[in-house]
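A.B. asks: please work out how this folds:
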Amino acid sequence: MFLKIYKAKETVLFIGPALIALFIMMIFPIIYTLYNSLTDANLANPQPVNFVGLNNFINTITDERFINALSKTIIFAIGAVGLQCILGTIIAIFANEEFKGKGLFRTIFVIPMMITPVVVALAFLMIMNPSFGVLNQLLSFLGLGNINWLASRSTVIPSLILIDTWQWTPLVMLIVLGGLSIQPKEIYEAAMIDGSSRIQLLRYIVLPFARPFIIIAALFRSIDALKTFDIIYTTTYGGPGFSSETMNIYIYRQAFIYTKTGYASALLIIYFLIISLVTMIMYRARRIKNYNY
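C.D. replies: The predicted structure follows:
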């Protein structure tokens, strides 16, 4: 009996500091943000805050910039994740084949995801510069004219999608390649003996087997794409105008530029719920696909 009590005390002393740190770093900020969202808290106003209830949440319905930021975020996330999953799957299928320099190819291809996003953004600011950027020089050489990649309302979101795709396609490739590498080789051999073509192997064996891993990669990348801040902030700061102002940029501006921390907290809660909903839907889709497979 005394031994059990002693072990229980040891356990509490061992995990106690970790639980306290967890509360301070994760649980307390969530509670504080929820409280702030129900007030008119303002960084520039030293007076005591007033409780406004759900007014901050109701005001988002008529906030055109909130609607714009949400739509830009969704467009960016769908475009980036979709393109990355397609390219990552194609490259994973290629990297799963046996060829000379296979290890070197894999090593070189994963380098972009190891680079800090801010560094990637600064590099692409020079690459996509309308005056001396490499991309426009290439287009001029081909006689196609110049494009204001990050300075035009019509091209800024596609340009940001390309930047994000360049950096994070390797992650999708690694996840899908990890799944393909555990597929039994006997299945390929049996299909080839039966006279299956490479297209049939790809359609009926490779892609169905890779499907659960593609969904996992899409889940991870969807969460990250919805939270993208550094690349957009460094390259466009939400511009030109508000054409690339995503939710993260808009929340940042409300909190630290306009100092409306109460309203920013409400936006943060709504955004958190949206990301949670997307995560649950994709996780449910993954379970259904795995069951069907």
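
A.B. asks: from now on I want contacts and neighbour counts done on CA atoms only, so please keep to that.
C.D. replies: Noted.

A.B. asks: distance check, the closest residue to Val110 other than its chain neighbours against Arg253.
C.D. replies: Nearest non-adjacent residue to Val110, counting by C-alpha to C-alpha, 6 or more residues apart in numbering: Pro170, 5.2 Å away. As judged by C-alpha to C-alpha, to the nearest Å, Pro170 and Arg253 stand 32 Å apart.

A.B. asks: which one of the two has more residues nearby?
C.D. replies: Comparing Pro170 with Arg253 by other C-alpha atoms under 10 Å, the one with more neighbours is Pro170, at 26 against 17.

A.B. asks: just checking, next helix/strand downstream of the strand or helix carrying that one?
C.D. replies: Per DSSP states H and E, Pro170 falls inside helix 156-181. Note on helix 156-181: by DSSP H and E, the next helix or strand toward the C-terminus is helix 185-193.

A.B. asks: residues making contact with that following helix?
C.D. replies: The list of residues contacting helix 185-193 from outside it, by C-alpha atoms under 8 Å, 6 or more residues apart in numbering, reads Leu201, Ile205.

A.B. asks: would you put the C-alpha positions of it in PDB?
C.D. replies: Extracted C-alpha coordinates of helix 185-193, given in PDB (Å, rounded to 0.1, in the frame of the first residue of the first chain):
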ATOM      1  CA  LYS A 185       6.800  -6.600 -55.300                       C
ATOM      2  CA  GLU A 186       5.000  -9.900 -55.900                       C
ATOM      3  CA  ILE A 187       1.900  -8.000 -56.900                       C
ATOM      4  CA  TYR A 188       3.700  -6.300 -59.700                       C
ATOM      5  CA  GLU A 189       5.300  -9.500 -60.800                       C
ATOM      6  CA  ALA A 190       2.000 -11.400 -60.900                       C
ATOM      7  CA  ALA A 191       0.400  -8.600 -62.900                       C
ATOM      8  CA  MET A 192       3.200  -8.500 -65.400                       C
ATOM      9  CA  ILE A 193       3.000 -12.200 -65.800                       C
END
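
A.B. asks: chain center to it, what's the gap?
C.D. replies: 37 Å (C-alpha atoms, centre = their mean, to the nearest Å).

A.B. asks: I'd like the next helix or strand past that helix.
C.D. replies: Later in the chain than helix 185-193, the nearest helix or strand by DSSP H and E is helix 198-201.

A.B. asks: that following helix - what's its average pLDDT?
C.D. replies: Taken as a whole, helix 198-201 has an average pLDDT of 79.

A.B. asks: and whichever helix or strand comes after that helix, what does it pack against?
C.D. replies: Scanning forward in sequence from helix 198-201 by DSSP H and E, the next helix or strand is helix 207-226. Judged by 3 or more C-alpha pairs under 8 Å, 6 or more residues apart in numbering; DSSP states H and E, the packing partners of helix 207-226 are helix 64-95, helix 156-181, helix 261-292.

A.B. asks: one more time with 6 Å
C.D. replies: When contacts are defined as 3 or more C-alpha pairs under 6 Å, 6 or more residues apart in numbering; DSSP states H and E, helix 207-226 sits against helix 156-181.

A.B. asks: which elements pack onto the helix it packs on?
C.D. replies: In terms of contacts (3+ C-alpha pairs under 6 Å, 6+ apart), helix 156-181 is packed against helix 64-95, helix 207-226.
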